[in-house]
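Student: Turn this into a structure:
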Amino acid sequence: MYRKAAIGLTFALLLLISYSIFIGTVVLRSYFIPLLKSSPLAPQSLCATGPPLKVFKYDLPRRFNVGMLNRKSAEEAPVTAREWPPWPRNSGLKKQHSVEYWMMGSVLWEGNGGEGSEVVRVSDPEVADAFFVPFFSSLSFNTHGHNMNDPETEVDHQLQIDLVKLLHESKYWNRSGGRDHVIPMTHPNAFRFLRPQINASIQIVVDFGRYPHVMSNLSKDVVTPYVHVVESFTDDNSSDPYESRTTLLFFQGRTHRKDEGIVRAKLAKVLAGYDDVHYERSVATGENIKLSTQRMRASKFCLHPAGDTPSSCRLFDAIVSHCIPVIVSDEIELPFEDELDYNQFSVFFSFKEALQPGYMVNELRKLSKEKWMEMYRHLKSISHHFEFHYPPEKEDAVNMLWRQVKRKVPAVKLAVHRSQRLKIPDWWRRKK
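Tutor: Below you'll find the model as predicted:
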């Protein structure tokens, strides 16, 4: 009798476990192989998502891209992988908007499509999942008359005119209305003259601060990190980083900004008078970037208030410095948030909370050493996702971006297929 009961109980238990695995509430790896769990100090590996995205790249003359890196050269032929130039070492803040350069390099690289690569270049546009438009729109703004009243901005304007003409003559742009075309535009003033004409494309942006939702939004576009300008903290091997980082909260940068960035001037007053809070007004010279690098590495928390737009490069400088980001921005969108939980390695305050005298500093002081160490270890384990490399590396920022683009493709294909067969495209809006 007892034997039959034991057999029945075992059978019921196996049935319950099988059902739990089926619906996803039990993960055998966690329950029965706990020793295989990733070390908190090891770089975090995210889930692979199948074969790489097949991308066709437009072969544009160099004046649209790398020609801006060497304006003395008159070469117009499209650049090849063998001729791919390194990013200039002394480019200053232009580097933060260089996502377009790294994405183009990843498509040109002859090793793409291999292990760890999320993109593969195809020569036949008929088999492409997406189309990459290698126009350095942010560098064009920064290069051709950074002051909007400068007559040289007409060069930027003409490049946009020429590019839009080329795209509108393309069979593949017209086939999808541009929906499956990928265009990096990380500077808020990138493509400012003719942006409405390319709205349908998948835009690579740092945030949506200056754009109406009909122009740029999460449903069709991809949020990218800025390219960090401080040196990565690759030899961060302190035996007790909590104690060795003697500054509680660090900020160094411009304090007078537009829009949401007005919070910076207010924070200067709120954070005055603390011995372990460093809040300094400065501009991004080469020397100040070096100082900021050192100070971030000596700080437990790094403040990231909104700038002219909801996000700024400072957040990603903090991440590669392994300094816990303190984010004060009510409208920020963050890169790779479907794969990364920023609450595990960042602290968030609303404008209202941050501007309450003493509130933010007191909340940071309440965070125990154990909790800080947990966040610090997690931050170190994910920081490689915010590094840009050429050639690209597995799960670096470039591959993460292409993975994000790949997730937009099914919705793009649905929209394209429906638009091609519907006689009345907006019939659902007319229905009462």
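
Student: okay, CA-based contacts and neighbour counts for the rest of this
Tutor: Will do.

Student: thought Val164 was touching Gln197?
Tutor: Yes. Because the distance of 7.5 Å satisfies CA atoms under 8 Å, Val164 is recorded as touching Gln197.

Student: Pick out whichever of the two has more residues nearby.
Tutor: Val164 (16 against 13; other CA atoms under 10 Å).

Student: For that one, give me its contacts.
Tutor: 197-198 (CA atoms under 8 Å, 6 or more residues apart in numbering).

Student: burial of Pro52, as a residue count?
Tutor: Counted with other CA under 10 Å, Pro52 comes out at 22.

Student: how about it, what does it touch?
Tutor: Pro52 makes contacts with 113, 117-120, as judged by CA under 8 Å, 6+ apart.

Student: Tell me the most packed of these, by neighbour count.
Tutor: Highest neighbour count within these: Glu118, with 28 neighbours (other CA under 10 Å).

Student: Give the residue spans of the stretch 101-250 of the chain that score low on pLDDT.
Tutor: Applying pLDDT under 70 to the stretch 101-250 of the chain flags residues 146, 210, 213.

Student: Repeat the analysis, applying 80 as the threshold.
Tutor: 145-150, 209-215 (pLDDT under 80).

Student: And the strands in it?
Tutor: For the stretch 101-250 of the chain, the strands defined by DSSP state E, counting those that start in this stretch occupy 119-121, 130-132, 181-184, 202-205, 222-223, 247-253.

Student: And for the closest residue to Phe351 other than its chain neighbours, the neighbour number?
Tutor: Spatially, and ignoring its direct neighbours in sequence, Phe351 is nearest to Val328 (6.1 Å; CA to CA, 6 or more residues apart in numbering). Val328: 25 surrounding residues under other CA under 10 Å.

Student: coming back round to it: okay if I get the strands of the stretch 101-250 of the chain as a markdown table plus distance to Thr309?
Tutor: Shown next, in a markdown table, are these (distance: least, CA to CA, whole Å):
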| stretch | distance to Thr309 |
| --- | --- |
| strand 119-121 | 30 |
| strand 130-132 | 26 |
| strand 181-184 | 17 |
| strand 202-205 | 12 |
| strand 222-223 | 13 |
| strand 247-253 | 15 |
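
Student: Tell me which of those sits nearest to Asp150.
Tutor: Set against Asp150 and scored by CA to CA, those come closest in strand 181-184, at 23.8 Å.

Student: Okay, now the sheet partners of that closest one, with direction.
Tutor: strand 130-132 (parallel), strand 202-205 (parallel) (DSSP bridges).

Student: what's in contact with the first one?
Tutor: By CA under 8 Å, 6+ apart, the surrounding residues in contact with strand 130-132 are 53-58, 125, 180-183, 409.

Student: same thing but at 6 Å, please
Tutor: 55-57, 180-182 (CA atoms under 6 Å, 6 or more residues apart in numbering).

Student: what's the spacing between the residue nearest to Phe351 and Leu334?
Tutor: According to CA to CA, to the nearest Å, Val328 and Leu334 sit 13 Å apart.

Student: what's the burial count for Ile382?
Tutor: That count, for Ile382 with other CA under 10 Å as the rule, works out to 23.

Student: Would you agree it falls within a helix?
Tutor: Yes. Residue state for Ile382 (DSSP: H, G, I helix; E, B strand; the rest coil) corresponds to a helix.

Student: Could you check how far Gly116 is from Ala74?
Tutor: 36 Å.

Student: Compare neighbour counts for these two and give me the winner.
Tutor: Using other CA under 10 Å as the criterion, Gly116 and Ala74 rank with Gly116 on top: 16 against 10.

Student: I figured that one hits Asp396, correct?
Tutor: No. Counting by CA atoms under 6 Å, Gly116 does not reach Asp396; the two are 9.5 Å apart.

Student: Put together JSON lines for the contacts of Pro52, with distance to Asp129 on each row.
Tutor: Putting the contacts of Pro52 into JSON lines (distance: CA to CA, whole Å) gives the following:
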{"residue": "Gly113", "distance to Asp129": "14"}
{"residue": "Ser117", "distance to Asp129": "15"}
{"residue": "Glu118", "distance to Asp129": "12"}
{"residue": "Val119", "distance to Asp129": "10"}
{"residue": "Val120", "distance to Asp129": "10"}
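
Student: contacting residues around stretch 394-407?
Tutor: Residues lying outside stretch 394-407 but in contact with it, judged by CA under 6 Å, 6+ apart, are 53, 116, 118, 384-388.

Student: ok so, going back, going by distance to Glu83, which of the contacts of Pro52 wins?
Tutor: Within these, distances to Glu83 taken as CA to CA reach their minimum at Val120, with 18.9 Å.

Student: Point out where the stretch 301-432 of the chain drops to low pLDDT.
Tutor: 307-309, 423-432.

Student: Would you confirm that Pro325 belongs to a strand?
Tutor: Yes. Per three-state DSSP, Pro325 lies within a strand segment.

Student: So for the lengthiest helix in the chain, what gets flagged as buried?
Tutor: What stands out as the longest helix in the chain, according to DSSP state H, is helix 397-421. Of all the residues in helix 397-421, those buried under the rule 16 or more other CA atoms under 10 Å are 397-406, 408-409, 412-413, 416, 419.

Student: ditto for stretch 238-253
Tutor: So stretch 238-253, judged by 16+ other CA under 10 Å, has buried residues 241-242, 245, 247-253.

Student: same thing with stretch 226-235?
Tutor: Neighbour counts using 16+ other CA under 10 Å place 226-230, 232-233 of stretch 226-235 among the buried residues.

Student: which outside residues touch that stretch?
Tutor: Counting by CA under 6 Å, 6+ apart, residues outside stretch 226-235 touching it are 96, 293, 313, 316-317, 320-321.

Student: How far off centre is that stretch?
Tutor: On the basis of CA atoms, centre = their mean, to the nearest Å, stretch 226-235 is displaced by 14 Å from the centre of the chain it belongs to.

Student: do stretch 148-163 as well
Tutor: With CA atoms, centre = their mean, you get 27 Å for stretch 148-163.

Student: same question, stretch 237-246
Tutor: With CA atoms, centre = their mean, you get 28 Å for stretch 237-246.

Student: re the thing from before, just the closest of the buried residues of stretch 238-253 to Trp109, please.
Tutor: Gly253 (35.7 Å).

Student: tell me the phi and psi of the residue lying closest to that closest one once chain neighbours are set aside?
Tutor: Of all residues not flanking Gly253 in the chain, Ser282 sits nearest, at 4.7 Å (CA to CA, 6+ apart). Dihedral angles of Ser282 (phi, psi; degrees, to the nearest 10) stand at phi -160, psi 170.

Student: quick revisit: out of the contacts of strand 130-132, which two are the most distant from each other?
Tutor: Maximum pairwise distance in these, criterion CA to CA, is 11.9 Å, between Lys57 and Asp180.
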